[in-house]
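[1] structure for the following, please:
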Amino acid sequence: MIFLKLEEIVELAEELEEKVIKFRRDFHAHPELSWKEERTSKVIEQVLKELGFENVRRGFGGTESGVVGDITGRKEVPLIALRADIDALPIEEEADVPWRSINKGVMHACGHDAHAAILLGVAHMLASLKDKLPCKVRLIFQPAEESGVRSGARQLIEEGALDGVEAIWGLHVWSSLPAGKIGYRSGPTMASADIWEVEIKGKGGHGSRPHEAIDPTIAAASIVLSLQTIISRELDPQETAVLSIGRLESGSAPNVIPEKALIQGNIRTTNSIVRDELPGSIERIAKGIGSALRCEVKTNFIPVYPVTVNDPDMVETLKKVASAMFGDQSLTEMPIVMGSEDFSFYQQKIPGVIFFLGMADSQKGTDAEHHNPTFKTNDGVLKKGVALLTALVMESKGEE
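    Just a heads-up that it's a prediction; the model follows:
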């Protein structure tokens, strides 16, 4: 690998700061929902082509959303991928900023505009350093991270975005982490997220004559309470898991015993074995209570995102590079995040790491929670993300 001082990378990233901020604010003003990121993707495609990237492709999942492009350095191997998600959320923005969303009811409230801008900054860096790159790099601008069941990551993998890739890096800006801090975690890092539902069928009747009906509401109430014993009494207390009820629906009038009730919720865990076991536990309890109360019960389980598991060796590389660039004080080990990420689909195929770039600054108002209408991005940290991702690429070594 041709030697390039880390401070040179930092300086190059600083020179690009204004351009990266401009990209970020433009994306923020024009947010697009999952699988509808057409304008965003066209901007990205044009930039990559102008920079000389190869195999630039726009459009996945039968849409015009998502962009993938390659740049080849001194060697064809290894092929390293960097991923940024690009979709926004169905939220009406409340932050009063000049680059406020012009699309009513749509907002970049999770930082994906920052992720896309940072990766475009990296694209400029890689193009200027092409003769010094020790490997081939694929940039993945992924749509639909927020899409849930129709995950952008899963679709891009099916359409070949990971073909030939040996490792993948991802970055997420984080509003609860002090600005400039780099958060890392080895192994399980973010939870899985899955949906479950229980349908309960009884026999409808008049509220004054319950003995002539079979009340599904009573069964539903008993199931809701008993499901919590899965976490408190069936799992090892050292395991991390959450079972939440998001919807409970039964009846339409105060004097009518309904025929049906519906319960829907989600489960999260950081252990794939526990994840596989939870649906069976839900079904056993729900059907057992339903049978005891003379109701018919059907259960359904919808897998969404796996556990996000960071590769330990890659985490050590991240720590080494970040420490050399910004000092040990810039690093902080993160607790497990119970939110979920479809970056986990990439990690099921190849080694990968997603890490966090802090941007919390109360004076700038950049400490609001993600998915909040007052969410703001701290543009001052973007250049740090550009420099670090570029340095991680430069650290990649192929066969000599």
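
[2] alpha carbons only for contacts and neighbour counts from here, please
    Noted.

[3] before we move on, which element is Met125 in?
    Following DSSP states H and E, one finds Met125 within helix 112-128.

[4] how about that helix: buried residues?
    112-127 (16 or more other C-alpha atoms under 10 Å).

[5] ok, stretch 177-191 next?
    177-186, 188-191.

[6] could you redo the residues you listed as JSON lines and give each row secondary structure and pLDDT?
    Putting those into JSON lines (DSSP: H, G, I helix; E, B strand; the rest coil; pLDDT from 0 to 100) gives the following:
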{"residue": "Leu177", "secondary structure": "strand", "pLDDT": "98"}
{"residue": "Pro178", "secondary structure": "strand", "pLDDT": "98"}
{"residue": "Ala179", "secondary structure": "coil", "pLDDT": "98"}
{"residue": "Gly180", "secondary structure": "coil", "pLDDT": "97"}
{"residue": "Lys181", "secondary structure": "coil", "pLDDT": "98"}
{"residue": "Ile182", "secondary structure": "strand", "pLDDT": "98"}
{"residue": "Gly183", "secondary structure": "strand", "pLDDT": "98"}
{"residue": "Tyr184", "secondary structure": "strand", "pLDDT": "98"}
{"residue": "Arg185", "secondary structure": "coil", "pLDDT": "98"}
{"residue": "Ser186", "secondary structure": "coil", "pLDDT": "98"}
{"residue": "Pro188", "secondary structure": "strand", "pLDDT": "97"}
{"residue": "Thr189", "secondary structure": "strand", "pLDDT": "97"}
{"residue": "Met190", "secondary structure": "strand", "pLDDT": "98"}
{"residue": "Ala191", "secondary structure": "coil", "pLDDT": "98"}
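
[7] element containing Ala387?
    Using DSSP H and E, Ala387 falls within helix 382-394.

[8] ok, and what's touching that helix?
    1, 6, 9-10, 12-14, 16-17, 20-21, 80, 82, 114, 118-119, 121-122, 125-126, 133-135, 137, 169, 171, 180, 317-318, 321-322, 325, 357 (C-alpha atoms under 8 Å, 6 or more residues apart in numbering).

[9] show only the entries of those found in strands.
    Counted as lying in strands by DSSP state E, out of the contacts of helix 382-394, are 80, 82, 137, 169, 171, 357.

[10] list the contacts of the first one.
    Read it as Ile80. Taking C-alpha under 8 Å, 6+ apart, one finds 135-138, 165-168, 393, 396 in contact with Ile80.

[11] which one of the residues you listed is nearest to Ala286?
    Looking at those and their distance to Ala286, the nearest is Ile168, at 40.5 Å (C-alpha to C-alpha).

[12] so what's the closest one bridging to?
    Ala81, Gly352 (DSSP bridges).

[13] could you report the neighbour count for it?
    27 (other C-alpha atoms under 10 Å).

[14] in terms of pLDDT, where does Leu16 sit?
    pLDDT, Leu16: 98.

[15] actually, Gly385.
    Reported pLDDT for Gly385: 98.

[16] tell me which residues of the top helix by length along the chain are tucked away?
    Longest helix in the chain by number of residues, with DSSP state H as the criterion: helix 272-292. Neighbour counts over helix 272-292 (16+ other C-alpha under 10 Å) mark 274-275, 278-279, 282-283, 285-290 as buried.

[17] is it possible to get TSV of those that adds pLDDT and distance to Glu54?
    As requested, the buried residues of helix 272-292 are arranged in TSV below (pLDDT from 0 to 100; distance: C-alpha to C-alpha, whole Å):
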residue	pLDDT	distance to Glu54
Val274	96	42
Arg275	96	40
Leu278	97	45
Pro279	97	44
Ile282	98	49
Glu283	98	50
Ile285	98	54
Ala286	98	54
Lys287	98	55
Gly288	98	58
Ile289	98	59
Gly290	98	59
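
[18] please report the distance of Ser186 from Ala81.
    Per C-alpha to C-alpha, to the nearest Å, Ser186 is found 19 Å from Ala81.

[19] counting by contacts, list what the lowest-mean-pLDDT helix or strand in the chain packs against.
    Within the chain, no helix or strand scores below helix 6-15, which has a mean of 94 by mean pLDDT, DSSP states H and E. Applying 3 or more C-alpha pairs under 8 Å, 6 or more residues apart in numbering; DSSP states H and E, we find helix 6-15 packed against helix 112-128, helix 312-326, helix 382-394.

[20] save these as CSV, and put in distance to Thr63 too.
    Formatted as CSV, these follow (distance: least, C-alpha to C-alpha, whole Å):
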stretch, distance to Thr63
helix 112-128, 18
helix 312-326, 33
helix 382-394, 28
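
[21] ok, which of these comes nearest Asp70?
    helix 112-128 (9.7 Å).

[22] how big is the angle separating the closest one from helix 382-394?
    Per axes from the mean of the first three to the mean of the last three C-alpha atoms, to 10 degrees, the angle that helix 112-128 makes with helix 382-394 is 50 degrees.

[23] distance between helix 112-128 and the chain's centre?
    Averaging C-alpha positions (C-alpha atoms, centre = their mean, to the nearest Å) puts helix 112-128 18 Å from its chain's average.

[24] pull that helix out as PDB, backbone CA atoms only.
    Taking C-alpha atoms only, helix 112-128 is exported to PDB below (Å, rounded to 0.1, in the frame of the first residue of the first chain):
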ATOM      1  CA  HIS A 112     -29.800   9.600   6.200                       C
ATOM      2  CA  ASP A 113     -29.200  12.900   4.400                       C
ATOM      3  CA  ALA A 114     -25.900  13.200   6.300                       C
ATOM      4  CA  HIS A 115     -25.000   9.600   5.400                       C
ATOM      5  CA  ALA A 116     -25.500  10.200   1.700                       C
ATOM      6  CA  ALA A 117     -23.600  13.500   1.800                       C
ATOM      7  CA  ILE A 118     -20.700  11.900   3.800                       C
ATOM      8  CA  LEU A 119     -20.400   9.000   1.300                       C
ATOM      9  CA  LEU A 120     -20.400  11.500  -1.600                       C
ATOM     10  CA  GLY A 121     -17.600  13.300   0.200                       C
ATOM     11  CA  VAL A 122     -15.800   9.900   0.300                       C
ATOM     12  CA  ALA A 123     -16.400   9.500  -3.400                       C
ATOM     13  CA  HIS A 124     -14.600  12.700  -4.100                       C
ATOM     14  CA  MET A 125     -11.800  11.600  -1.800                       C
ATOM     15  CA  LEU A 126     -11.400   8.200  -3.400                       C
ATOM     16  CA  ALA A 127     -11.400   9.800  -6.900                       C
ATOM     17  CA  SER A 128      -8.600  12.200  -5.900                       C
END
